[in-house]
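make a model of this:
(chains A and B)
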Amino acid sequence: MTERRTIEVGAFARVEGEGALHVAVEGDRVAELRLQIYEPPRFFESFLRGRAASELPDLVARICGICPVAYQMSVVHALEQIFGVRIDPAIRSLRRLYYAGEWLESHLLHMMFLAAPDYLGLDDALAIARTQRGEVERALRLRRLGNRILELLGGRPVNPVGVVVGGFVRIPTRGELAALGDDLRRARGEAEALLRWFQGLPVPRRPQEVELVALRHPHEYPMNEGRIVSSAGLDVAAGEFDSAFEETQVEHSTALHCHIHGRGSYMVGPLARVLLNRDRLSPTGEAAFASLADRFEAPDPAASVFARGIEVLQAFDAALEAIDGFEPPPAPHPAWRPCAGRAAWATEAPRGVLWVELATEVSGHVREIRIVPPTSQNQARIEDDLRGLVPGLLKLSDDQVRRRCEAAIRDYDPCISCATHFLTLELERRPPRCASS
Amino acid sequence: MRILVIGLGTPFGDDAAGPAVVARLAAEGLPAGVEAVIPRRPDALVDALEGAEAAVLVDASRAGLPPGTVHEPERGALREARALSSHGLGVSGALALAEALGRAPGRLAIVAVEAGAVAGDGLSAPVRAALPEAVRRVRARIAAFGEEVRGHA
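Presented below is the predicted three-dimensional model:
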């Protein structure tokens, strides 16, 4: 007996950007599954061509409202590589503080406002606020610290403008950093309590075979520097990206799909970072990891929320390390001279590895730029994850299938606006092609 | 009584109407007990509202009216342009969150100036011409809040 059901669902909530999921099942087999990104292409790589190096940090900050720091950091490091700009250790350390601010903002928003409603069976964080007001208040307080960091180094909490080649427009005073440090120290216990609250929620399990990709640094938890490594032994410099990864166009999406040559899809993001860099966690991060060990035995995208919670603690530690060790640099940024050249760089955006490759003219103007954001890299992986998930859900109602798929997609915290180059769900239940036994 | 006048908007085109009205009100002189706030993003509204007993929100609107029309929509008339996303809250979402957290003031008025273009630099002529009327309406709402409280006293 065969019946054909088609389900149309409105735009996905609690993800950023415009897209849809189309699933067609024939009997109990997934015949088609497409994550369709229909957000219009934004042509950033084209209109950045011809712009001066000095304009780039402000321009690329506009690619994304939630991860501007990631774009600024990947691009500014690539430029510094080309121009041979030496980074003062104080600047290097302040950049970790700056990135920590973005991790705090992004992870806390995702954990409480985007993911938590899934675990509580609620429509949104407003419903959580009505019954568990203190939890929401705490997440907001913690997130505000991220805003403060961005404001201090970026000039403002949104579309920051404080980054320049070689450093920052302005270096914060010892007093400003000390005050921020005091507030971070006071709030760290709250960050630990937040993670414990999540550990008490019914977060689903979806362990799977997946190649994890993240940066790895000789002695730090990765943010601004490192080689690109994977759980299957890949280990390349940013400049060797194309030797390991390929970007391809797919018809159903304005975002490019990424694969590892000869192997297939892979996952970037907080889960990959934590699992590939456990030995680089701070003592608080390691203690939190140990308390979650059973969730990290096999890679499980659903455990990403715990990885974010660990990285909130990690961000506190990175921020405090930068603040406590602060020695003012000789200048907010060194003098530099433009030149022609080419360089690639990768940093760890909240959602994962953000790779850029830049070529400049003698004048320092952009001749060519390629940007590979984390959501673009995760897109093929999300499709593979859902292909594994959907067959087990077919006894559920269409609405339940939709909710479970949406929640699985949210585990990757996709930022479609960044990747367009996300979500309505369409589930089509087709009759099986062959007579069932 | 702590009364807030909150100007919402961005620097782009007529979307700057809210901050422009609040700046003009402040320049002309704020009534006693009134604080002017221009949050830098809608989710900052959640924090700004804490501890206020009354608030007037001033914002540009898209209500299908001629540009420059000053009107006072009800709270229930605000709709979110898009659902809560990773990029934060809109005005309606921020108000809803403030309400759920018990932070929303007991008295809330909204003064809106219908926008034309929300791109480019500076306000359009009809919106600029509407600023005095918008300021007058904000003052009237503040006065009414004051009288309501005295009426209850």
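
please count neighbours and contacts with C-alpha atoms only from this point.
Fine.

after the helix or strand hosting residue B:35, which helix or strand is next?
Assigning secondary structure by DSSP states H and E places residue B:35 in strand B:34-37. Beyond strand B:34-37 on the C-terminal side, the first helix or strand identified by DSSP H and E is helix B:44-48.

now do the buried residues in that following helix.
Across helix B:44-48, burial judged by 16 or more other Cα atoms under 10 Å in any protein chain shown covers B:45, B:46, B:47, B:48.

contact partners for residue A:317?
Contact criterion Cα atoms under 8 Å, 6 or more residues apart in numbering or on different chains gives residue A:282 as the residues in contact with residue A:317.

which pLDDT value goes with it?
Per-residue confidence at residue A:317 stands at 97 (pLDDT).

same question for residue A:91.
What the model reports as pLDDT for residue A:91 is 98.

with residue B:41 instead?
72.

tell me the SS of the residue nearest to it when sequence neighbours are not counted?
Leaving aside its chain neighbours, residue B:41 sits nearest to residue A:158 (7.7 Å; criterion: Cα to Cα, 6 or more residues apart in numbering or on different chains). Put simply, residue A:158 is coil when judged by DSSP: H, G, I helix; E, B strand; the rest coil.

now do the same contact list for residue A:213.
Neighbours of residue A:213 in contact, by Cα under 8 Å, 6+ apart: A:228, A:229, A:230, A:231, A:266, A:267, A:268, A:269, A:272, A:273, A:276, A:353.

mind putting those into CSV with neighbour count and secondary structure?
Shown next, in CSV, are the contacts of residue A:213 (neighbours: other Cα atoms under 10 Å in any protein chain shown; DSSP: H, G, I helix; E, B strand; the rest coil):
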residue, neighbour count, secondary structure
A:228, 23, strand
A:229, 20, strand
A:230, 21, strand
A:231, 16, coil
A:266, 24, strand
A:267, 29, strand
A:268, 27, coil
A:269, 29, coil
A:272, 28, helix
A:273, 29, helix
A:276, 19, helix
A:353, 29, strand
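
pick out the most distant pair among those residues.
Farthest apart among the contacts of residue A:213 by Cα to Cα are A:231 and A:353. That separation is 14.4 Å.

now the one residue in the stretch 201-350 of chain A that gets nearest to chain B, nearest residue through space, not along the chain?
Chain B sits closest to residue A:350 of the stretch 201-350 of chain A, with a gap of 11.7 Å, by Cα to the nearest Cα. Computed as Cα to Cα, 6+ apart, the closest residue to residue A:350 that is not its neighbour in sequence is residue A:103, at 5.4 Å.

element containing the one you found, please.
Secondary structure assignment for residue A:103, by DSSP H and E: helix A:89-108.

wait, a strand at residue A:370?
Yes: with three-state DSSP as the criterion, residue A:370 is part of a strand.

quick one: contacts for it?
A:45, A:356, A:357, A:358.

how does it look with 6 Å?
Taking Cα atoms under 6 Å, 6 or more residues apart in numbering or on different chains, we find residue A:370 in contact with A:356, A:357.

what's the separation between it and chain B?
In this view, residue A:370 and chain B are 24 Å apart by Cα to the nearest Cα, to the nearest Å.

and if you look at residue A:121?
Distance from residue A:121 to chain B, by Cα to the nearest Cα: 16 Å.

sketch out the low-pLDDT regions of chain B for me.
Across chain B, residues meeting the criterion (pLDDT under 70) sit at B:42, B:80-89, B:152-153.

rerun that using 50 as the cut-off
B:82-86 (pLDDT under 50).

now the strands for it?
Ranges of strands within chain B are B:3-7, B:34-37, B:54-61, B:70-71, B:107-114, based on DSSP state E.

how about the stretch 301-437 of chain A?
Listed in chain order, the strands of the stretch 301-437 of chain A (DSSP state E, counting those that start in this stretch) span A:341-349, A:352-360, A:366-372, A:424-430.

parallel or antiparallel, list what pairs with the third one.
In this case it means strand A:366-372. When pairing is defined by DSSP bridges, strand A:366-372 lines up against strand A:352-360 (antiparallel).

ok, the residue of the stretch 101-250 of chain A found nearest chain B - contacts?
Chain B sits closest to residue A:130 of the stretch 101-250 of chain A, with a gap of 5.0 Å, by Cα to the nearest Cα. Shown in contact with residue A:130 (Cα under 6 Å, 6+ apart): residue B:100.

picking up where we left off before, the strands of the stretch 301-437 of chain A into TSV, with extra columns for mean pLDDT?
TSV is the format used below for the strands of the stretch 301-437 of chain A (pLDDT from 0 to 100):
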stretch	mean pLDDT
strand A:341-349	98
strand A:352-360	97
strand A:366-372	94
strand A:424-430	66
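
export those to TSV and append columns for distance to residue A:179.
TSV is the format used below for those (distance: least, Cα to Cα, whole Å):
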stretch	distance to residue A:179
strand A:341-349	26
strand A:352-360	30
strand A:366-372	36
strand A:424-430	45
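
thinking again about what came up before, buried ones in whichever helix or strand comes after the helix holding residue A:103?
On the C-terminal side of helix A:89-108, the nearest following helix or strand under DSSP H and E is helix A:116-120. Neighbour-count burial for helix A:116-120 flags A:116, A:117, A:118 (criterion: 16+ other Cα under 10 Å).

dump the buried residues of helix B:44-48 into JSON lines; add distance to chain A as well.
Shown next, in JSON lines, are those (distance: Cα to the nearest Cα, whole Å):
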{"residue": "B:45", "distance to chain A": "12"}
{"residue": "B:46", "distance to chain A": "9"}
{"residue": "B:47", "distance to chain A": "9"}
{"residue": "B:48", "distance to chain A": "13"}
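
run me through the strand neighbours of the strand holding residue B:35, direction for each.
Looking at strand B:34-37 with DSSP bridges, its partner strands are strand B:3-7 (parallel).

any idea of the angle the partner strand forms with strand B:54-61?
10 degrees (axes from the mean of the first three to the mean of the last three Cα atoms, to 10 degrees).

so what touches strand B:3-7?
Residues external to strand B:3-7 that are found in contact with it (Cα under 6 Å, 6+ apart): B:18-19, B:22, B:34-38, B:54-58.

can I get the residues you listed in a markdown table including neighbour count?
Converted to a markdown table, the contacts of strand B:3-7 look like this (neighbours: other Cα atoms under 10 Å in any protein chain shown):
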| residue | neighbour count |
| --- | --- |
| B:18 | 27 |
| B:19 | 24 |
| B:22 | 27 |
| B:34 | 17 |
| B:35 | 16 |
| B:36 | 18 |
| B:37 | 19 |
| B:38 | 22 |
| B:54 | 23 |
| B:55 | 25 |
| B:56 | 23 |
| B:57 | 23 |
| B:58 | 27 |
